[in-house]
Each structure stands twice: as structure tokens, then as C-alpha cells.
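Participant: how would this look folded up:
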Amino acid sequence: FRDVWPVKNWKLIVVILVSAAAYLNTVGHQFVMDDQSIITKNKFTQQGFGGVIDHLTHSYWFGYNGKNEGNYRPITGVSFAIEHALFGDSAAIGHLLNVLFYTLLCSMLLLWLNRIGWLDPTFNMVLVLLFAVHPVHTEVVANIKSRDEIYCFLFLILSLLYFQKWLESANVKALAISGLWLLLSLLSKETSVAMLPVYLVVAFRKKANWGEALKATIGPSIATAVYLLIYFGVTRIMDKTEFDVLDNELVQQADSMDLLATKFWIVGSYFKLLLLPTPLFYDYGFNTVQISSLSDPLVLISLAVLVGLFALFIVKVRKIQELESNSWLLALGFLLLPLVPVTNFVVNIGSTMAERFLFMPSFGFLLLVFLFIARFVASRQKVMIVSSSLVALVFFSMTINRNEDWQSNETLYAADIEKLPNGALAHQRLATVYQIEGDRKGNRASQVAAYRKAIPLLEKAISIHPYPDFYRQLGELYGATDQWKLMIEAEEKFV
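Facilitator: Okay, the predicted model is just below:
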């Protein structure tokens, strides 16, 4: 990368050290949550090198649930299979690789910002440092499975680096490499499918003509087309997919206007988390997000913000010849485009909302805030460096503390249970942890003690949402604690 290295070494070293330091305390953590679906209980991953072809020819979750629908992320699946072949089921290696790839992403982000040269290099460094320590990223970096998010963003930035080289030199090889990196990004996670307009904005800055800018994006456009052909050929995304209300409560029967309002409420919650990343939850399943209405203050704020952002977009497009306008459009692109596929506006997905969906938008948000503040601060560099450093220190501390919650399923579920009083899955998952703990105990008294910790949690989950499998699990626990009458009642309700 000598030809894409226009940054003072000390700035890059600072970014590397801070990015790594923010997550080094995750290296000793265990596998958590969906890690079992993609790694420890995924038959393709567990085959090691022998599962590589299967990951390439099936959807992301097929090795776990046998369903060839939805997400297609073979690069991520293949990397986990290779990792298993080399190191076995090593959570330490998985977490270490997450930290290394995250650090590489932050480094490449700094290099790209300096390569395009739209902003001051010191400004770029501070921006990337804030991105590196933003607490909303903890779900991505502290959860091995979420490496798909890191790969997706990392490969996108590498693609943009070579795209810039193509614009500067008309080097066809650079264009081809840019397209290849974008294809790898798309094959890691589908988020980048919405990012073509970012290439257009970058190209316009160099070409100063929409027609020429559109022609310049031929490489990324071909890569996206190739990805879509592969995607539709491998998955059954066109088939009707049924999502469980436990995972996405927007699929429940409710007033259509209330459901629409709830989607805007979710967007407003995303903006709030980007600005003030607390409290953080691992679960946004059934009843964690309440069905809202158009009179909800957060819904109205969300609508106002979106209208304001749209107006800003119109103004900056009209002034796109100005360098400052390019920066604003870049920020809007990174903030809003990755949210389009995951807000349930276009199609329903497998989640109501999730903090990992803010991984790429957080960069756009921080850039937008920087640009906004810079307009009103006279001696903006000194003031912004000092204030941003203070915010970064707070974010760094919050990230370190939140990482500790992600040590294991038990620490994570127990840490969040008080924050999720209405979460059906949150209570059931912690109950399952205690049930497994009881199963592993060597004596009867210890087993019963663990089971009795699980029972009230499952009872709470059922009071929130009487899901049939919850009754089956509760019946097992009643039986394991000799509460036979209650066991029969629970089993009858399950049936």
C-alpha cells in the first residue's frame, strides 16, 4: 500500500494503538450468542477446509438451520471454516482476529480519508479515533460472529482506496482491484449493495460532470451486478420468508400506521444511540421495542431529522461543485444508505433493530457532526481536537466497560436483564444459561438451585409472550425440580 499511504506515520500509529487498545480486553472472552450458529454448531464451519465449498454454495445460516434463504455471506463463512481448520474452536483466536481486522479497518479508513484529501489530516485522525472508540461498535467487535460487519466495511474502504487511484491515474488495474474488493465486501455482508452512490459522489469530485462520473463507476457497478447474480442464484430470497415475532415484532398483526410509526421510532432510536450510546442492549426482540404511534415524540423528532437531512441533501447536490458539499454528501451517504436495507421499510428482515446495524452509519454520523460543528467554531481545529479528545476518552471508557459484559452468555444476559424488563427472549436466554449450568452440576442440590434460578425467568418470558417452546422448557424445569403438577400444566399448554 505504498501508493495509498499519504499520511504521517505518527497519526496512523495513534489510530492503530487506540483501535487495538479499545478491544484488547475481549481476547479472553468466550463464544457468545450467534457464535454457535456460525461457528461452534455450524456443520460447514466444523468441517474446516472441507466446509469451504459448502459455505460458497449455500446461504449464511444453512450449515446451522438447513435453510437456503436470506443472507449469503460466503467470505465470512469460509474464513471461520479456515480458522477452525487451523486453530479448532478457539474463542481467543476468534476475538484476537476481530481486534486485528477492526484495527486494520480503522487504519484503512484514515488512509482513504487522507488519500481523497477533502479534509484536514488532523481532522481525519480525530474523526477515525472517535469512530474507533464509539461504544455502539461493541456488539460487532466483541462478538466473533459479527466479523461479517468488519469485513464488509474493511473491504469497502479498500475498494474506495483503489477507486480513488483509478480516478487519479486512469489505471484499469486499479479499477479492477477496486471492483474485486467491493465484491468481497458484498460477499461478506450485503450492506454494501446500497453504497454505489458513494462512489458516484467521489467520482464527481474528480470528473466534475455527472455523465463522466457515472462512467467512472463502471467497476463498482459490475461488481454489484455480479454479486446480485450470485446472490439470487444461491439463495431463495424470492420465496416468501416467514419471520418470527420474537425476533422482529414488526411482523405482528397491528395497525399499519402504528407499524410505520414504529419504524420511524427505530430510526430515531438509532440517531439517539449514535449521539448518546447508552444504554446498550444485545437484544431488541419482542416487546423490547414497543409498537408506537405517530404522536410519539421520538417518532416526530425522527421525521423532523429525516426531513432536515433530505433538505440538506438537496441543497448539497445543487452545490456539488463545492468541495464542502462533497464532504456533506459523503457523510449523508455513509449515514443513511447502510440503514436502508435494515430498517424494515423496504422488506422485513430477521431483526427489529440491532446495534450492529449502526457500524457503518456511525462513521457517516460522526463526519456529519464534525462538519456541522466546524461551520460554527471559528478556531475550529484546536477547539474540535480538545473537545473530541474528551469525548473520545469517555467513549473509550464506555467501550472498555461494555466489553466486559460480553465475556460470556451469562455475563451478557445477566448484565442486560435489568435493562430489558419487557424482553421475552432476554428472560428466556438467561433462563437457558442457568438450565445448562444446572445440567452440568455434579450434585442434585446444585442442579436444583440452578434450575430454580431459571424458572422465574421463564415464567416472566411467558407473561410477556406465551411462546409454545417456552412452556416446553418450563415444563422440563418444573419436572427437574419435582414440581409435577406444574410440569403437567406447562406441558399441556405446550401441546
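Participant: Remind me which helix or strand Glu212 belongs to.
Facilitator: Following DSSP states H and E, the helix or strand that holds Glu212 is helix 210-216.
Participant: cool, and Ser59?
Facilitator: Assigned by DSSP H and E, Ser59 falls within no helix or strand.
Participant: average pLDDT across stretch 283-290?
Facilitator: Summarised as a single mean, pLDDT over stretch 283-290 is 89.
Participant: Run the chain-centre distance for that stretch.
Facilitator: 17 Å (C-alpha atoms, centre = their mean, to the nearest Å).
Participant: quick one: the one residue sitting closest to the centre of the chain and Lys145, what's the gap?
Facilitator: In the chain, the centroid-proximal residue (C-alpha atoms, centre = their mean) is Arg356; its distance is 2.3 Å. Taken as C-beta to C-beta, to the nearest Å, the spacing of Arg356 relative to Lys145 amounts to 10 Å. In this view, the C-beta of every residue, glycine as well, is placed from N, C-alpha and C.
Participant: Same check on Asp405?
Facilitator: If you measure Asp405 against Lys145 using C-beta to C-beta, the figure is 16 Å.
Participant: Compare those two (neighbour count), which wins?
Facilitator: For Asp405 versus Lys145, neighbours defined as other C-beta atoms under 10 Å are more numerous around Lys145 (23 against 19).
Participant: For that one, give me its contacts.
Facilitator: Lys145 makes contacts with 33-35, 37-39, as judged by C-beta atoms under 8 Å, 6 or more residues apart in numbering.
Participant: Likewise for Met195?
Facilitator: 156, 333, 337-338.
Participant: go on, Gln407?
Facilitator: With C-beta under 8 Å, 6+ apart as the criterion, the residues that contact Gln407 are 28-30.
Participant: try it again with 6 Å
Facilitator: For Gln407, the contact set (C-beta atoms under 6 Å, 6 or more residues apart in numbering) comprises His29.
Participant: secondary structure element for it?
Facilitator: Under the criterion of DSSP H and E, Gln407 resides outside all helices and strands.
Participant: Looking at it now. What's its pLDDT?
Facilitator: According to the prediction, Gln407 has pLDDT 97.
Participant: could you measure it against Asn143, distance?
Facilitator: With distances defined as C-beta to C-beta, the gap from Gln407 to Asn143 amounts to 12 Å.
Participant: for His55, same thing?
Facilitator: 19 Å.
Participant: Which one's more surrounded, these two?
Facilitator: The neighbour comparison of His55 against Asn143 (other C-beta under 10 Å) goes to His55, with 27 against 24.
Participant: Could you say which helix or strand holds that one?
Facilitator: Mapping His55 onto the secondary structure by DSSP H and E places it in helix 52-57.
Participant: quick one: contacts of that helix?
Facilitator: 44, 74, 77-78, 81.
Participant: Turn these into JSON lines, including neighbour count and secondary structure.
Facilitator: Converted to JSON lines, these look like this (neighbours: other C-beta atoms under 10 Å; DSSP: H, G, I helix; E, B strand; the rest coil):
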{"residue": "Phe44", "neighbour count": "26", "secondary structure": "helix"}
{"residue": "Pro74", "neighbour count": "23", "secondary structure": "helix"}
{"residue": "Gly77", "neighbour count": "30", "secondary structure": "helix"}
{"residue": "Val78", "neighbour count": "21", "secondary structure": "helix"}
{"residue": "Ala81", "neighbour count": "27", "secondary structure": "helix"}
